[in-house]
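After the sequence you'll find the predicted model.
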Amino acid sequence: MSSEPTRPRIAVFKFASCDGCQLSLLDLEDDLLAIAGAVEIAYFPEASRRMLKGPYDIALVEGSITTHHDANLIQKVRRSARTLISIGACATSGGIQALRNFADSGEYVRMVYAKPDFISTLRMSTPIGEHVPVDFELRGCPIQKNHLVELITATLAGRKPAIPTSSVCLECKRRSNVCLMVAAGTPCLGPVTQAGCGALCPAYGRGCYGCFGPMESANAPSLAERFTILGAQPPEIERAFRTYNAWAWQFRKVSEEVRTS
Amino acid sequence: MRKKQYRLHQSDLSSLLENLRRRGYQPYGPQRRDHAIEWLPLDGIHQLPAGWTTTTAPATYRMQERSDQALFGYWTGPDSLKKLLHPPEACLLKAEYNGGVRFVRQAPAEVKRAFIGVRACDLAAVAALDRVLLSDRWVDDIYQANRNGALLIAVNCTSSAPTCFCASMGSGPRARSGYDIALTERVGDGSSEFLAEPGSEAGASILEELTALAAPAGWEKEAEESCQSAAAAQTRAVDASSAPAVIDRTFDHPRWDQTARRCLACGNCTSVCPTCFCVNIEERNALDLRSAERLRVWDSCFTQAFTYIHGGSIRTTPKSRYRQWLSHKLARWQEQFGMPGCTGCGRCIAWCPAGIDITEEMAALEASSGSTYPTGVSTHGN
Ligand code: SF4
Ligand code: SF4
Ligand code: SF4
Ligand code: SF4
């Protein structure tokens, strides 16, 4: 028997999603080796055929809940994990597939599938946190690799992860981007979006798309008003808020109100 | 005795750059980048924004072509010397574990940089940062290393931007102190000349080496007059002397709620403010726990984490954060440091994506601060 202390066991689960967030885990390269040394990757079907049963110390959960089967499964995942971390926009807000929540998903099914009868799906795409208690939500579409490492490192070291919940603007200014809204009149979701990407899009002349979801005190109505002053029409404003995090309530509410106001 | 004043031609600026380099300074100057004029390392005079100006309004900044070829015919941009003297990110400490713990703290080395084109309001901002970061009680050695190596070449404002209110804050438009050399541009046909005044021994010796030409009689008077007309044309103002009393009287003023409905709590105002110095300390460690580092990054009183103490944040709402920002800039800073934390540069007005205007906010508080809403310490102020 090895005398090594038991390493924390990690499991990775996937629900409705594109796999991009899990792939960031495989994408970690050198860090992945360090992580594999520090933890036991007990369940990660995307990476290994070895699938050990729970309980797990940490469950990383990607994807949103869109079927009855998944709604049941997430309960089991929760019971099997000491710490549950949802990763990515799908798991934390319902993802791009939550656009169906604003429409009649039955109609989509009839349009897309030749035999709609075979499709059994929930009307809405919902985040993990609407089904079970979540210990930490790691935002992003996709998540940032360095956030994931920081989160695992901090969890193992027993300290708070250094992952900010303030605006993208703070990162934008730290890297000396010139503000697009002020200097070019380009609508940008940065002021209402949680930091994390390092203000990637503004650095390349594009307004923020809101990949990291609403920041801690997102004032979406005020930003929508600014977009209007910049000349955006209600349908454009609605579209701006309805992307990867459309179902996050701050974005959802403003996108519903903008046409009626 | 009056200090000697010099006459520089535009072509002398190239010799100035050479002179600065010989003395070991990396010159920095205003340059066009993306949609703005920013501080960047200056290789040659041709990089200065000749013929460009900027126009500002709440939430708006635009570059525009001028009808002449003025080199310094623009106003403050999104960045300031704060970016270079008090950098957005710095490593404070590294620690290694190899059986025992070893801390590595490298004392920051002096960085010699010469800044050409510092506005009077930004000289005042440097003075404010000096007051906070180089006080006798506590010295920030990163700032100190950058500051000791900084040579400041000011350019007086002979006109002002619509968002400027330096005149009311007593910081501009003419540089009165804190510079090594102060220039006043005289835009001519195709090229400019400059009235140059030394403000330090280093500045005097640079000018002596550059030229023997004394400024013509009358240039000084003309410079003073154009700066004064720039001051007179400013439409925004803040009365710093009454501000603390007004702010204290208006803790529960409904205006804070109205502004909070617009405020995005994004922190752009504190980021662009040349005197906002707040930082956060972040710890990072390697997965194997064998090394760690302590970083310092710009922070803002608009974040929730800013007032986090065990159990939660004290300022939970954007309202309380906006009130903190305005009170700190115009009242609390005066009490603590004997000077306002605002120079009237107008950056926070132009770069606030919601177009919130600190002068308008102060005016609104002031106008109704004698009226009948409840005063005193609030228990529901958050
Ligand atoms: S470009 Fe966007 S993210 Fe950057 S400061 Fe402006 S509003 Fe904020
Ligand atoms: S005042 Fe303006 S720049 Fe400052 S936090 Fe509020 S919205 Fe952002
Ligand atoms: S508070 Fe605004 S006007 Fe005053 S110094 Fe700061 S950025 Fe400039
Ligand atoms: S206004 Fe806010 S960010 Fe600026 S110095 Fe004061 S507390 Fe710090």
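Great, that's in hand. Ligands and ions are numbered 1, 2, ... in the order given.

Now do the same contact list for residue A:99.
A:242, A:246 (C-beta atoms under 8 Å, 6 or more residues apart in numbering or on different chains). Placement of C-beta: from N, CA and C, glycine included.

Surely residue A:67 and residue A:121 touch.
Yes - counting by C-beta atoms under 8 Å, residue A:67 touches residue A:121, with 5.5 Å between them.

tally of neighbours for residue 125?
Went with chain A since none was named. 26 (other C-beta atoms under 10 Å in any protein chain shown).

try chain B instead
Residue B:125 has 28 nearby residues by other C-beta under 10 Å.

For ligand 2, what's the nearest residue on the stretch 101-250 of chain A?
Closest to ligand 2 within the stretch 101-250 of chain A is residue A:191: 6.3 Å, counting by C-beta to the nearest ligand atom.

I'd like to know how far that residue sits from ligand 1.
5 Å (C-beta to the nearest ligand atom, to the nearest Å).

Excluding chain neighbours, what is closest to the residue of the stretch 101-250 of chain B found nearest ligand 2?
Among the residues of the stretch 101-250 of chain B, residue B:163 lies nearest to ligand 2; the distance is 13.3 Å by C-beta to the nearest ligand atom. Spatially, and ignoring its direct neighbours in sequence, residue B:163 is nearest to residue B:346 (3.2 Å; C-beta to C-beta, 6 or more residues apart in numbering or on different chains).

Am I right that the one you found is in contact with residue B:77?
No - counting by C-beta under 8 Å, residue B:346 does not reach residue B:77; the two are 11.0 Å apart.

contacting residues for the residue of chain A found nearest ligand 1?
For chain A and ligand 1, the shortest gap (C-beta to the nearest ligand atom) falls at residue A:190, measuring 2.1 Å. Residue A:190 is in contact with A:167-169, A:172, A:181, A:199, A:202, A:207-208, B:266, B:353, counting by C-beta under 8 Å, 6+ apart.

what does residue B:365 give?
Applying C-beta under 8 Å, 6+ apart, the residues near residue B:365 are B:246-247, B:250, B:253, B:255.

In a markdown table, list these along with neighbour count and secondary structure.
Below are the contacts of residue B:365 laid out as a markdown table (neighbours: other C-beta atoms under 10 Å in any protein chain shown; DSSP: H, G, I helix; E, B strand; the rest coil):
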| residue | neighbour count | secondary structure |
| --- | --- | --- |
| B:246 | 19 | helix |
| B:247 | 22 | helix |
| B:250 | 23 | coil |
| B:253 | 21 | coil |
| B:255 | 20 | helix |
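
Tell me the pLDDT of residue A:4.
pLDDT, residue A:4: 56.

Could you double-check that residue B:66 sits in contact with residue B:52?
Yes - proximity of residue B:66 to residue B:52 meets the contact threshold set by C-beta under 8 Å, at 6.4 Å.

So for those two, which residues contact both of them?
Residues touching both residue B:66 and residue B:52 comprise residue B:73, with contact defined as C-beta under 8 Å, 6+ apart.

Looking at these two, which is more packed in?
residue B:52 (19 against 14).

Walk me through the domains of the chain.
Since you didn't name a chain, this refers to chain A. Domain assignment for chain A by automatic domain parsing gives A:9-157, A:168-260.

ah, no, chain B please
According to automatic domain parsing, the ranges for chain B are B:6-81+B:108-232, B:243-288+B:297-368.

Can you name the residues in contact with the helix or strand where residue B:182 lies?
Take DSSP states H and E as the rule and residue B:182 turns out to sit in strand B:181-187. For strand B:181-187, the surrounding residues in contact (C-beta under 8 Å, 6+ apart) are B:8, B:68-73, B:152-156, B:158, B:175, B:192-199, B:203, B:206-207, B:219, B:222-223, B:226-227.

In helices, which of those appear?
Using DSSP state H, the subset of the contacts of strand B:181-187 located in helices is B:203, B:206-207, B:219, B:222-223, B:226-227.

Quick check: ChimeraX command selecting the buried ones in those residues.
Listed next is the ChimeraX selection for buried residues among the ones in helices among the contacts of strand B:181-187, using 16 or more other C-beta atoms under 10 Å in any protein chain shown:
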select /B:203,206,207,219,223,226,227
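
could you dump the ones in helices among the contacts of strand B:181-187 to CSV with distance to residue A:62?
As requested, the ones in helices among the contacts of strand B:181-187 are exported to CSV (distance: C-beta to C-beta, whole Å):
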residue, distance to residue A:62
B:203, 61
B:206, 61
B:207, 65
B:219, 70
B:222, 69
B:223, 65
B:226, 63
B:227, 61
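
quick one: which two of the ones in helices among the contacts of strand B:181-187 are the most distant?
Greatest spacing in these, by C-beta to C-beta: B:206 and B:226 (24.2 Å).

what lines up beside the strand holding residue B:182 in the sheet?
strand B:150-155 (parallel), strand B:192-198 (antiparallel) (DSSP bridges).

Residue 239 - how many residues pack around it?
Reading this off chain A. For residue A:239, the neighbour count with other C-beta under 10 Å is 14.

I was after chain B.
13.

Stretch B:304-314 vs chain A: in contact?
Yes - using C-beta under 8 Å from any C-beta of the partner chain, we find that stretch B:304-314 touches chain A at B:304-305.

End to end on that stretch, go ahead and measure it.
Its start and end residues considered, stretch B:304-314 measures 8 Å (C-alpha to C-alpha, to the nearest Å).

how about it: buried residues?
Applying a neighbour-count criterion of 16+ other C-beta under 10 Å, the buried positions in stretch B:304-314 are B:304, B:306, B:313.

hmm, who's touching that stretch?
Contacts of stretch B:304-314 with the rest of the structure, by C-beta under 8 Å, 6+ apart, involve A:164-166, A:216-217, B:278, B:280, B:299-301, B:315-316, B:320-321.

hmm, try it at 6 Å
A:216, B:315 (C-beta atoms under 6 Å, 6 or more residues apart in numbering or on different chains).

what's the residue of the stretch 51-200 of chain B found nearest ligand 3 sitting at in phi/psi?
The minimum distance from the stretch 51-200 of chain B to ligand 3, using C-beta to the nearest ligand atom, falls at residue B:125 (6.3 Å). Torsion angles at residue B:125 (phi, psi; degrees, to the nearest 10) stand at phi -70, psi -40.

That one reaches residue B:273, doesn't it?
No - assessed by C-beta atoms under 6 Å, residue B:125 is found out of contact with residue B:273, at 8.3 Å.

Could you tell me how many residues sit around residue B:135?
Around residue B:135 there are 11 residues (other C-beta under 10 Å).

which residues sit in contact with it?
The contact partners of residue B:135, by C-beta under 6 Å, 6+ apart, come to none.

Buried residues, stretch A:151-160. List them.
Applying a neighbour-count criterion of 16+ other C-beta under 10 Å, one finds A:151-156 buried in stretch A:151-160.

if we can go back for a sec, among the contacts of strand B:181-187, name the buried ones.
Neighbour-count burial (16+ other C-beta under 10 Å) applied to the contacts of strand B:181-187 gives B:8, B:69-73, B:152-156, B:158, B:175, B:192-199, B:203, B:206-207, B:219, B:223, B:226-227.

Can you narrow those down to the ones near ligand 3?
Among the buried ones among the contacts of strand B:181-187, no residue is within reach of ligand 3 (C-beta under 6 Å from any ligand atom).

surely residue B:243 meets residue B:328?
No - using C-beta under 6 Å, residue B:243 makes no contact with residue B:328, being 11.3 Å away.
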